[in-house]
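[1] Need coordinates for the following:
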Amino acid sequence: MGKGDNRMYDYVIKSEKLSKAYGNNIAINNLSVDINRGGIIGLIGRNGSGKTTFMKMCAGLLNKTEGELYVMGSDPQDNIAVAERLVYAHHNIDYDRNLRLADIVYSFKIMYSNFDEGFALKLLRYFELNPKSKYNSLSQGMMSVFNFICALASRAELTMLDEPVLGMDVAVRKSVYEVLLRDYTEHPRTIIISSHLLSEIEGVLSEILLINKGKLLLYEDIDEIREIAYRADGSKENLDKYGYNKEVIFYKSGSFDSFNIILGSLTEEMVNDAKKQNISLSKVRPEEICMYLTQDNKEAELKCLWEN
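    Model (predicted):
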């Protein structure tokens with residue numbers, strides 16, 4: 001199916017049983033997902049979950065091992081027409097480190113027809129970056145800021161930011177997210193941000209794509225994710241009874257606290273009924289849901305650390 005197929009282009013990215021292997025290491029494992037056009041989408045997963053591999057495949061920088069992958073309706077591999085409409089940025093882009101920032105900005109102006117040079121220069125001033133500075137003179141945090149500026153100013157139809165705030169201090173990260181959200185509001189397009197820390201970017205996201213060990217765990221609107229699980233606190237005995245016939249995705253039992261994370265939507269009636277069983281129910285934040293879905297339950301192994 002080419003980019004002329006309207007059904008394919010309903011999605012900015014469409015993968016079908018997509019896999020990528022490096023020898024015996026499977027980075028992307030039979031991943032099928034249709035990513036909607038528009039919005040700010042969080043590509044979430046633990047370190048080593050396959051986020052960077054997936055983004056590089058979408059950018060046409062890596063060949064797939066098996067399956068199908070379409071970006072904006074076409075196969076991205078060796079596809080100049082697709083490359084001109086997307087930008088992929090990460091914290092460690094391998095420029096000639098003797099280049100000045102102004103030179104790199106100019107190269108983006110040549111590559112991307114929608115690149116806003118004036119906006120890029122404004123952002124350099126805003127983040128106190130001198131256009132005459134050489135790229136190799138920047139700290140890791142400022143390299144990340146500069147790469148973010150170039151990607152954002154490209155105004156590409158698909159903008160992929162791979163761990164964009166690495167090395168930045170808290171105040172700069174906050175400014176980056178504010179700039180990102182404001183520019184998206186002014187110039188809507190599809191922006192995908194990969195991160196293993198959801199808490200910082202939760203406020204700017206419209207959807208979350210969660211992967212673990214190269215597999216798709218969920219792809220949902222962020223408001224829906226807030227309703228897919230809840231927490232139950234109580235004694236181990238009471239939790240065992242309460243959790244019977246429920247889908248418990250994570251549990252912890254200890255001397256000081258015991259709780260279950262249970263799939264399902266929480267209602268006020270459920271809260272009141274659980275109180276009668278000495279169980280306290282509460283909502284779970286999206287970051288916690290993603291953490292529990294990707295975390296191996298190693299409670300037994302943890303206890304063994306303090307056993308003789």
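[2] Poorly predicted segments of the stretch 201-308 of the chain, please.
    In the predicted model, the stretch 201-308 of the chain carries pLDDT under 70 at residues 255, 296-308.
[3] go again using 90 as the cut-off
    251-257, 291-308 (pLDDT under 90).
[4] for it, what spans make up the helices?
    For the stretch 201-308 of the chain, the helices defined by DSSP state H, counting those that start in this stretch occupy 222-225, 236-242, 268-275, 286-294, 299-304.
[5] Nearest to A21, out of these?
    helix 286-294 (20.7 Å; C-beta to C-beta). C-beta here means a position set from N, CA and C on the backbone, and glycine is covered the same way.
[6] so where do the strands sit in this structure?
    11-22, 25-36, 39-44, 66-71, 86-90, 158-162, 190-195, 207-212, 215-221, 229-233, 248-252, 259-263, 280-283 (DSSP state E).
[7] Would you mind finding the most buried of the helices of the stretch 201-308 of the chain?
    helix 286-294 (a mean of 20; mean count of other C-beta atoms under 10 Å).
[8] can you list contacts of that one?
    44-46, 49, 197-199, 202, 208, 210, 212, 217-218, 222, 225-226, 228-229, 231, 249-250, 261, 284 (C-beta atoms under 8 Å, 6 or more residues apart in numbering).
[9] Geometric centre of the chain: which residue is closest?
    Among the residues of the chain, L43 comes closest to the average C-alpha position under C-alpha atoms, centre = their mean, at 2.1 Å.
[10] can you tell me which residues contact that one?
    L43 touches K51, F54, M55, I192, I193, S194, S195, L209, I211, counting by C-beta under 8 Å, 6+ apart.
[11] Most neighbours out of the residues you listed, which is it?
    F54 (30 neighbours; other C-beta atoms under 10 Å).
[12] State which helix of this structure is the longest.
    helix 170-186 (DSSP state H).
[13] Tell me what angle it forms with strand 190-195.
    Angle between the axes of helix 170-186 and strand 190-195 is 160 degrees (criterion: axes from the mean of the first three to the mean of the last three C-alpha atoms, to 10 degrees).
[14] about what we covered before: distance to G167 added to the contacts of L43, as TSV?
    Below are the contacts of L43 laid out as TSV (distance: C-beta to C-beta, whole Å):
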residue	distance to G167
K51	18
F54	22
M55	19
I192	20
I193	16
S194	15
S195	14
L209	24
I211	24
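[15] Can you tell me which of those residues is closest to D240?
    I211 (31.6 Å).
[16] Quickly list what that closest one is bridged to.
    L216 (DSSP bridges).
[17] Tell me who's in contact with it.
    I211 touches L31, L43, I44, G45, S49, G50, K51, F54, L217, counting by C-beta under 8 Å, 6+ apart.
[18] Quickly check these for the two that are furthest apart.
    L31 and I44 (14.1 Å).
[19] Could you check which of those two has the larger neighbour count?
    Using other C-beta under 10 Å, the more surrounded residue of L31 and I44 is I44, with 29 against 21.
[20] you'd agree that one is up against L205?
    No: with contact defined as C-beta atoms under 8 Å, I44 does not reach L205; the gap is 9.0 Å.
[21] Which single one of the contacts of L43 is nearest to I149?
    Nearest member of the contacts of L43 to I149, counting by C-beta to C-beta, is I193, at 15.0 Å.
[22] Check the spacing between that closest one and R125 real quick.
    24 Å (C-beta to C-beta, to the nearest Å).
[23] Ok, I211 next?
    37 Å.
[24] Also G42?
    Taking C-beta to C-beta, one finds G42 at 29 Å from R125.
[25] Look at these two and report which has more neighbours.
    Comparing G42 with R125 by other C-beta under 10 Å, the one with more neighbours is G42, at 24 against 10.
[26] wait, the more buried one sits on G203?
    No: using C-beta under 8 Å, G42 is not in contact with G203; the gap is 10.7 Å.
[27] got the angle between the longest helix of the chain and strand 39-44?
    Using the same axes, to 10 degrees: helix 170-186 against strand 39-44 is 140 degrees.
[28] Show the average pLDDT along helix 170-186.
    Per-residue pLDDT values over helix 170-186 give a mean of 96.
[29] tell me how far that helix is from the chain's mean position?
    Here the centre of helix 170-186 is set off from its chain's centre by 16 Å, with C-alpha atoms, centre = their mean, to the nearest Å.
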